[in-house]
Structures are given as C-alpha cells and as structure tokens.
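1. model the structure of this input:
(one chain, ligands or ions: 1)
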Amino acid sequence: MFVLDSHCDTPSQIFRLTDIRKKNERGHVDFPRMKEGGVDGAFFALYVPAGLSPDESTAYALKLLSCLEDTVSAAKDAAAFAYSPDDAMCNQEKGLLSVFIGLENGAAIQESLSLLRQFYRMGVRYITLSHSADNAICDSCAEGKRWGGLSPFGKEVVKEMNRLGIIIDVSHISDASFWDVLECSSMPVVASHSCCRALCSHPRNLSDDMIRALAAKGGVIQINFFPLFLDEGFSEILSESGLEDEGEEIEKEFIADPSDAGKRQAWYEVIDRLHALPRPSYKRIVDHIDHAVAVAGIDHVGLGSDFDGIAVTPAGMDSISDFGKIFDEMRSRGYSENEIAKVAGGNFLRVFSRVTKMF
Ligand SMILES: [Zn+2]
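-> Down below sits the predicted model:
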C-alpha cells in the first residue's frame, strides 16, 4: 500500500516561514507528521493566487518551487522528490517520503506552451487549470464568465499536457470547463481536491454526472477535507460566526508580512476561533468516499486533503498525522484492505502511470 495525499498547500506554509523538517503545531503537514500518519507521499501544490498579473503569477510559482527545493534538499534523510510512480516506489523502499509537485492555477504558464513545457521540466506533474478566477486557459467555478468553458488556448494546453504526461486537474474549474476538458483530453483526468455535490451543494464539488464521466474516462475524484465542502451545515455556522470576512483580512495581512509576530499571532487567534466552532467530524470524509464509490466504483476515488490551504479542518483530523483514522473508519464500514489501498493511493498512482504512459 502506498498512501498518497494528492493536494497539500504546504509550499505556501514554507513560504510563510514554516520549517516542515520538524513538527509544527500550526501547519497541517510536515515530514515528521507525514510519517506519524503513515502517509508515503503528497503532492505539494504551487498555489498561485488569482488576481496576479501573468508575470507575477509565473514569478510566484517559481519562488514557491525554489523554497520547496531548498526544503527537500535540506531533508535528504526524510524525503525526496518523486517525478513518476517509479520514483515513489524507490523512495518508499528507501524509507523516504515522496514529494510530488503540482501547480495550482495554470495562470503561471501565461499564454505559453513553452512555459508549460518548462514547468514540466522543473518537475510539475499536475496542473490545476484555474483557481478562483477565469484565466487564459479556462473559466473558474467561482466566475465562469470569460470563455464558456475552455479557451482556444486551453484546448492546446490540454493536448500538450496529454503529450508531455502532465495530469490535468479539474478541481476549481467551472462545470462547462470540466465538460470541455473531458471531451478534449485523450488521457484520464483527476479532481485533486473536490467533494461530492450530492452531499454538499457547493460549486467546488462535483455532481454525480461529473463523477461518473470522470470515472468513465479512467480518472479519480480525490476527496477534500475542508468542512465547507464536506457539510452544508458548516457553511451556515461559518457565515453566522462572521469569521470568514474578518479572517480573510487578518490572513491577508499575515501573508503579506509573515515575519511580523503580531500579525502571525492575530492569524493564529482566528484559526483557534474557527476550530472552536461546531465542526463536522472527519467521518464525514468517509461519507463522501462512500458516495463517490457508490456512483463511480472503488477504482475512482482517493484523498486530496487540501491541508495547509484550509484554515479549518474537520473535528478529529487536526493534521496529516490523523490520516490513518480515515482507513480505520473505512474498515469499520466494511471496506476490504484491497479496497482501502486503492483509495489510499493506488487509484491515483494508476492514473499517474497511465498519463506518463508507463503502461
Ligand atoms: Zn485549491
């Protein structure tokens, strides 16, 4: 069994001066706690915020990648990059954690297939086509006004990603973009961190039709741990608390100046207040697994926590060290060890192998 988390925003934490080589109570992911949680590898996303200019987007992704490379090269006894499923197996044999690189927001490639190829050469193995705004590639689920789906350039991007062997990630993109990608891509695609819309009606989640179509193409839906995507009840609790707007401002100030101890403390206080709200249990993650399995089958579901990109986690799932609780809950619901291994990472690695044309 290889346990893989397909979406962690950990490079953003590193950027905010967190040293993930040691245990950090405030972040969700670090190397010691990956080991504690039995997680063998994770995609670390280079998350590029929407709203930056094209050049700023590229520069931001490169800075995150540089921080990540510094960290991994300074942790040779604990972790190593994995650019293929084979690399991941080698790392596991050596007792090393695997760090895979994802790019969250295709804005960083601007309107250039050369930049796309360069990100591949630098180790990026999936690209989330958009984030919270429409970009040159496609529309986002948060806007959806610019192209009505994939742009003409976006169609070229999909073809070039297929040719190179970069996984296409449909999380964050609009429904119309999703259907265009499915039509355009000759390879299976993934939703690296999305939940089921049937259980929680949020545009970031996938409808049953979308999950079925993703599976029919051989892809996977990787269930997100964010309470807002897991449970509609939490959305009401959060808006009543007023913490969303208040927290956004405080977070912005902290991100702009992470070395300022006062701003850091103010942000930590928001996080503590968020965690004091009644949160859904981590078992809700398994409800989404159950649903996706019922819709698409056991071969098309996995886990993409969104750790370090979400301010609040489900109750009982404080960090990546709690990952194994999901498999215990699956066991108690009657899943076999073979089925658990598929959800834990086998399904995602199958898509990764297929896209990189190893089979
Ligand atoms: Zn995301």
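
2. let's see the strand or helix carrying residue 249 as PDB, backbone CA atoms only.
-> For residue 249, the enclosing helix or strand under DSSP states H and E is helix 243-256. The C-alpha trace of helix 243-256 is given here as PDB (Å, rounded to 0.1, in the frame of the first residue of the first chain):
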ATOM      1  CA  LEU A 243     -15.200  34.800  10.900                       C
ATOM      2  CA  GLU A 244     -14.900  34.300   7.200                       C
ATOM      3  CA  ASP A 245     -14.700  38.100   6.300                       C
ATOM      4  CA  GLU A 246     -12.800  39.000   9.500                       C
ATOM      5  CA  GLY A 247     -10.400  36.200   9.000                       C
ATOM      6  CA  GLU A 248      -9.800  37.000   5.300                       C
ATOM      7  CA  GLU A 249      -8.400  40.500   6.200                       C
ATOM      8  CA  ILE A 250      -6.200  39.200   9.000                       C
ATOM      9  CA  GLU A 251      -4.900  36.400   6.900                       C
ATOM     10  CA  LYS A 252      -4.000  38.800   4.100                       C
ATOM     11  CA  GLU A 253      -2.100  41.000   6.500                       C
ATOM     12  CA  PHE A 254      -0.200  37.900   7.800                       C
ATOM     13  CA  ILE A 255       0.600  36.600   4.400                       C
ATOM     14  CA  ALA A 256       1.900  40.000   3.300                       C
END
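
3. that one packs against which elements?
-> helix 261-276 (3 or more Cβ pairs under 8 Å, 6 or more residues apart in numbering; DSSP states H and E). Glycine gets a C-beta too; all of them are placed from N, C-alpha and C.

4. buried residues in the helix or strand containing residue 289?
-> In the assignment (DSSP H and E), residue 289 maps to helix 283-296. Buried residues in helix 283-296, defined by neighbour count with 16 or more other Cβ atoms under 10 Å: 283-293, 295-296.

5. swap in stretch 238-256?
-> 238, 243, 247, 250, 251, 254.

6. picking up where we left off before, who touches the helix holding residue 249?
-> 16, 238, 260, 263, 264, 266, 267, 270, 273, 274, 277, 311 (Cβ atoms under 8 Å, 6 or more residues apart in numbering).

7. check contacts around the last one.
-> The reference is to residue 311. Applying Cβ under 8 Å, 6+ apart, the residues near residue 311 are 247, 251, 270, 271, 274.

8. residue 63: which of the residues you listed is nearest?
-> Taking Cβ to Cβ as the measure, residue 63 sits nearest to residue 251 out of these, at 18.8 Å.

9. model confidence score at that closest one, please.
-> Listed pLDDT for residue 251 reads 90.

10. against residue 267, how distant is it?
-> Using Cβ to Cβ, to the nearest Å, we find residue 251 at a distance of 6 Å from residue 267.

11. same question, residue 67
-> Residue 67 is 19 Å from residue 267, where distance means Cβ to Cβ.
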